[in-house]
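**Q** how does the following fold in three dimensions:
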Amino acid sequence: MIIGQAGSGKSTLARYIGRHGNLPVVHIDLIHWKTGWIERTQAEKTLLVLDAIAQDRWVFEGGNSTTYPQRMARADTLIWLDLPALLRLRRAVWRSVKHYGSNRPDLPKGCPERLDASFYRWIWRTRHSGRASLKNWFETAPPHLQKYHLQSKHDVMRWVHNTFPDT
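**A** Purely as a prediction, here's the structure:
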């Protein structure tokens, strides 16, 4: 289970783990959005999350903290990508520019990437409150979880190398 604020690299790390760990990847944005940037109801999202984590093996990235307890109960590992706000903001803008007008693999069809100033403001505005919430989830996670708090690009690369040394 990978948690982190927008632009922290959750989707990228999840795809890497999925590819090298032979695990199906679940992206929260595919659950959160329907075609045309229409948000699903919380009830729909919860059912889709519960269906995804009912599988034997998975790597799940993203928010929807209302389902964190169920995900944590089924997960064996919790990774918190806790990268600096300016880096995350820069990554989010770059991702928008890179994929502008097309669909990213972690979004449903019909949700083309866009430049969205309100999204970038939200990243900046929630940099402290979002981090505090994730810190609480991380610190109160069930004891059976292997936990990794990665706070820099270097931490992430070291974790990847130690976890998948042959890659």
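**Q** just the helices in the protein please.
**A** For the chain, the helices defined by DSSP state H cover 10-21, 28-32, 42-53, 68-74, 85-99, 117-125, 127-139, 153-163.
**Q** would you put the C-alpha positions of the longest one in CSV?
**A** Output in CSV follows, covering the C-alpha atoms of helix 85-99 (Å, rounded to 0.1, in the frame of the first residue of the first chain):
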residue,chain,number,x,y,z
ALA,A,85,6.0,20.2,-1.4
LEU,A,86,8.0,22.1,-4.0
LEU,A,87,9.2,18.9,-5.6
ARG,A,88,5.7,17.5,-5.7
LEU,A,89,4.3,20.6,-7.2
ARG,A,90,7.0,20.7,-9.9
ARG,A,91,6.3,17.0,-10.7
ALA,A,92,2.5,17.7,-10.9
VAL,A,93,3.0,20.6,-13.3
TRP,A,94,5.5,18.6,-15.4
ARG,A,95,3.1,15.6,-15.5
SER,A,96,0.4,17.9,-16.8
VAL,A,97,2.6,19.4,-19.5
LYS,A,98,4.0,16.0,-20.5
HIS,A,99,0.6,14.3,-20.8
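**Q** give me the contact list for it.
**A** Helix 85-99 is contacted from outside by 5-9, 104, 113-116, 119-120, 123-124, 127, 153, using C-beta atoms under 8 Å, 6 or more residues apart in numbering. Any C-beta I mention is one placed from the backbone N, CA and C, and that applies to glycine too.
**Q** what angle do it and helix 127-139 make?
**A** 100 degrees (axes from the mean of the first three to the mean of the last three C-alpha atoms, to 10 degrees).
**Q** before we move on, what about the first one?
**A** Compare the direction of helix 10-21 with that of helix 127-139 by the same axes, to 10 degrees and you get 30 degrees.
**Q** nearest the geometric middle of this protein, what residue?
**A** Centroid-nearest residue in the chain, with C-alpha atoms, centre = their mean: Gly62, separated by 2.9 Å.
**Q** what's the local residue count around the residue nearest to that one when sequence neighbours are not counted?
**A** Using C-beta to C-beta, 6 or more residues apart in numbering and skipping residues adjacent in sequence, the residue nearest Gly62 is Ile28, 2.5 Å away. Using other C-beta atoms under 10 Å, Ile28 is surrounded by 23 other residues.
**Q** now do Ile28, the pLDDT please.
**A** Looking at Ile28, its pLDDT reads 96.
**Q** what's the distance between it and Ile2?
**A** From Ile28 over to Ile2 the distance is 10 Å, taken as C-beta to C-beta, to the nearest Å.
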